[in-house]
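Undergrad: No sequence on hand, only this structure:
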Ligand code: AMP
Ligand code: MG
């Protein structure tokens, strides 16, 4: 009897050791679950790499739900979205959703740091150019100047208790920061679901959860060609380009990133890629640096710890901040 008991115990131990060894040496293979959806005016792709595909699906669903929630909150076009309601309020002092208010505070910070290049109050200008969902076309000068007069962050006041004071007709447009915010929120949702390795790409606004991700930087003039490839780990990247939304007229290119001083498309660059810890900041900064142009843009980036940038300037020349090369695994030219 006794002998049998010892024998069984020994077997048990061996079995457990074997199980532990299998766990150590035979890691369960990782699979990548990739899902795409159209939201925020672009194709959003989420990839999750892990051993259990069932929980990956649930995490991806939660991330897409978060993107849809942010889109519904920040859309300037959807009648009756909270942002639309703020823009169309009859009074000059309005109470906005706390989440919108926090984004306005961040927009305010980037407006200050970029010397006004990033400006989230260009709603009237975006509309007059037809970039807010209309059909983009060169506006009459009179209409552009009128919209310019009704744009400009300096006319806005952030008050306490989620209140905002703004002159009638000055409209918020969070197109330069909202997509990055949505991507960041989606990345946070994935992390909350226990995801350790994921990549979210919303038309060039990207967040990497964990490491092992490689992402190409699109050439601004040669479609489908890359400038280089980045290795990403727990970091975000955003790109602003004059090839994303544009039209040509009289041999000139008119695009959607506007210089708040003139109300005209900014002329400083063809594309700007910014790497930062948070995708909201990367997004705001890519727009800001695009407007600032290479010299002032790089000076701003160098002043910010943990932020790097690659700029294709208006002549097509590539410039990089001092630490950008550390992320490049391959450069095509
Ligand atoms: P992005 O692609 O991130 O550079 O954002 C471009 C979008 O931001 C445009 O479609 C506008 O909705 C908005 N926008 C345009 N010019 C500016 C600007 N100077 N500052 C902030 N947002 C802008
Ligand atoms: Mg941006």
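TA: Everything's here; your move. The model shown is predicted, which means the values in this text are computed figures rather than measured ones. Ligands and ions are numbered 1, 2, ... in the order given.
Undergrad: Can I take it that residue 288 is in a strand?
TA: No: counting by DSSP: H, G, I helix; E, B strand; the rest coil, residue 288 falls outside a strand, being helix.
Undergrad: list the contacts for it?
TA: When the contact criterion is C-beta atoms under 8 Å, 6 or more residues apart in numbering, the partners of residue 288 are 110, 113, 114, 117, 118, 297, 300. The C-beta positions use only the backbone N, C-alpha and C, and glycine is treated the same way.
Undergrad: Give me the phi and psi for the third one.
TA: Read it as residue 114. phi -100, psi 10 (degrees, to the nearest 10).
Undergrad: can you put the contacts of residue 288 in JSON lines and add distance to residue 266 and neighbour count?
TA: As requested, the contacts of residue 288 are arranged in JSON lines below (distance: C-beta to C-beta, whole Å; neighbours: other C-beta atoms under 10 Å):
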{"residue": "110", "distance to residue 266": "15", "neighbour count": "24"}
{"residue": "113", "distance to residue 266": "17", "neighbour count": "16"}
{"residue": "114", "distance to residue 266": "12", "neighbour count": "21"}
{"residue": "117", "distance to residue 266": "8", "neighbour count": "25"}
{"residue": "118", "distance to residue 266": "11", "neighbour count": "30"}
{"residue": "297", "distance to residue 266": "10", "neighbour count": "27"}
{"residue": "300", "distance to residue 266": "14", "neighbour count": "22"}
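Undergrad: And the residues you listed, which two are furthest apart?
TA: Farthest pair in these (C-beta to C-beta) is 110 and 297. Separation: 12.8 Å.
Undergrad: Next one, pLDDT for the residue of the stretch 51-200 of the chain found nearest ligand 2 please.
TA: Residue nearest to ligand 2 within the stretch 51-200 of the chain: residue 176 (4.3 Å; C-beta to the ion). Looking at residue 176, its pLDDT stands at 97.
Undergrad: number of nearby residues for it?
TA: 27 (other C-beta atoms under 10 Å).
Undergrad: Would you agree it is in contact with residue 120?
TA: Yes: if you go by C-beta atoms under 8 Å, residue 176 and residue 120 touch, sitting 6.6 Å apart.
Undergrad: just to revisit the earlier point, nearest residue to the residue of the stretch 51-200 of the chain closest to ligand 2 other than its sequence neighbours?
TA: Closest residue to residue 176 apart from its sequence neighbours, by C-beta to C-beta, 6 or more residues apart in numbering: residue 287 at 3.8 Å.
Undergrad: Repeat that for residue 119.
TA: residue 260 (4.1 Å).
Undergrad: what stretches of the stretch 101-250 of the chain score poorly on pLDDT?
TA: Low-confidence segments of the stretch 101-250 of the chain (pLDDT under 70): none present.
Undergrad: Give me every residue in it lying close to ligand 1.
TA: Remark: the part of the stretch 101-250 of the chain in contact with ligand 1 comprises 118, 119, 120, 122, 126, 131, 173, 175, 176, 240, 244, using C-beta under 6 Å from any ligand atom.
Undergrad: so what's the backbone phi/psi at the residue in the chain that ligand 1 sits nearest to?
TA: Closest to ligand 1 within the chain is residue 175: 2.3 Å, counting by C-beta to the nearest ligand atom. Dihedral pair for residue 175: phi -60, psi -20, per degrees, to the nearest 10.
Undergrad: repeat for residue 263
TA: Backbone torsions for residue 263, taken as degrees, to the nearest 10, come to phi 80, psi 10.
Undergrad: which one is it nearest to, not counting chain neighbours?
TA: The shortest distance from residue 263 to any non-neighbouring residue, by C-beta to C-beta, 6+ apart, is to residue 148 (3.9 Å).
Undergrad: give me the element the residue nearest to the spatial centre of the chain is part of.
TA: Ranked by distance to the mean C-alpha position of the chain (C-alpha atoms, centre = their mean), the top residue is residue 180 at 2.2 Å. In this structure, residue 180 sits in helix 178-192 according to DSSP states H and E.
Undergrad: immediately after that helix, which helix or strand?
TA: According to DSSP H and E, the helix or strand after helix 178-192 is strand 198-202.
Undergrad: what about residue 85, how many residues close to it?
TA: 13.
Undergrad: To clarify, my last question referred to residue 188.
TA: The burial count for residue 188: 16, using other C-beta under 10 Å.
Undergrad: my hunch is that residue 67 is in a strand, does that hold up?
TA: No: remark: residue 67 does not belong to a strand; assigned using three-state DSSP, it is helix.
Undergrad: So for it, what's the pLDDT?
TA: 98.
Undergrad: and what of residue 77?
TA: Residue 77 carries a pLDDT value of 88.
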